[in-house]
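Undergrad: Pasting a predicted model and its sequence here:
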Amino acid sequence: MSFKVLLDKLAVALATGAGSGFSPKAPGTAGSLAALPLIWFAHLCEWTAVEMWCAIAVITVVGLWSTDRVEKLWNTHDDQRIVIDEVAGLFITLAWFPFSWFYVVVGFALFRLFDIWKPGPIGYIDEKVPGAMGTFFDDVLAGFAALGVLWVIDIILIGIK
């Protein structure tokens, strides 16, 4: 097997969230669910804010590379099987809150809402930005939008800490 073929296979494995993007129903939701063990691991290890930002940066770099490679390999743009952008978006949403059922369920629902609804600049990026950048950064922005709403919910329900 050639090095190029190995890189292609690695890119597909990463871009599809270890294959979760091949789910016949709701691959974006499946990709988001596939992110939960990574987020749980980060919380279990009690990563600092710097480590969380580093993880987001690594996921972004790896995600852009694998998305670009797979889009070229499959001759497509924003293929529903590419879900590493969902991994990044949900990681952004949940990285700063305790890993509890409340935050996971509400954060997951908010992220999926913004990812599907695509209001304002999220939709603009999705529709107007070409290539891997467009595929990837609409979900990153959806993650930040969900993070913001979850933060407001946290303040309202829990209070300022």
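TA: Right, received. Where do you want to start?

Undergrad: For this structure, give me the ranges with low pLDDT.
TA: Judged by pLDDT under 70, the chain has its weakly predicted residues at 160-161.

Undergrad: quick one, helices of the chain?
TA: 3-15, 27-44, 49-74, 84-94, 101-117, 121-128, 131-158 (DSSP state H).

Undergrad: Let me know which of the ones you listed is tucked in deepest.
TA: Ranked by mean neighbour count under mean count of other CB atoms under 10 Å, the helices of the chain are led by helix 84-94, which reaches a mean of 29. For glycine as for every other residue, the C-beta is placed from the backbone atoms N, C-alpha and C.

Undergrad: Now do that one: which elements does it pack against?
TA: With contacts defined as 3 or more CB pairs under 8 Å, 6 or more residues apart in numbering; DSSP states H and E, the secondary structure elements packing on helix 84-94 are helix 27-44, helix 49-74, helix 101-117, helix 131-158.

Undergrad: what does it rub up against?
TA: Outside helix 84-94, the residues that touch it by CB atoms under 8 Å, 6 or more residues apart in numbering are 14-17, 28, 31-32, 34-36, 38-39, 42, 55-56, 59-60, 62-63, 66-67, 103-104, 107-108, 110-111, 115, 135-140, 142-144, 146-147, 150.

Undergrad: Now that helix - C-alpha only, CSV.
TA: Extracted C-alpha coordinates of helix 84-94, given in CSV (Å, rounded to 0.1, in the frame of the first residue of the first chain):
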residue,chain,number,x,y,z
ILE,A,84,-15.0,16.1,12.2
ASP,A,85,-16.4,19.6,12.1
GLU,A,86,-19.2,18.4,14.4
VAL,A,87,-16.5,17.0,16.7
ALA,A,88,-14.8,20.5,16.8
GLY,A,89,-18.1,22.3,17.3
LEU,A,90,-19.3,20.2,20.2
PHE,A,91,-15.9,20.2,21.8
ILE,A,92,-16.1,24.1,21.8
THR,A,93,-19.6,24.0,23.2
LEU,A,94,-18.8,21.6,26.1
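
Undergrad: Okay then, goodbye and thanks.
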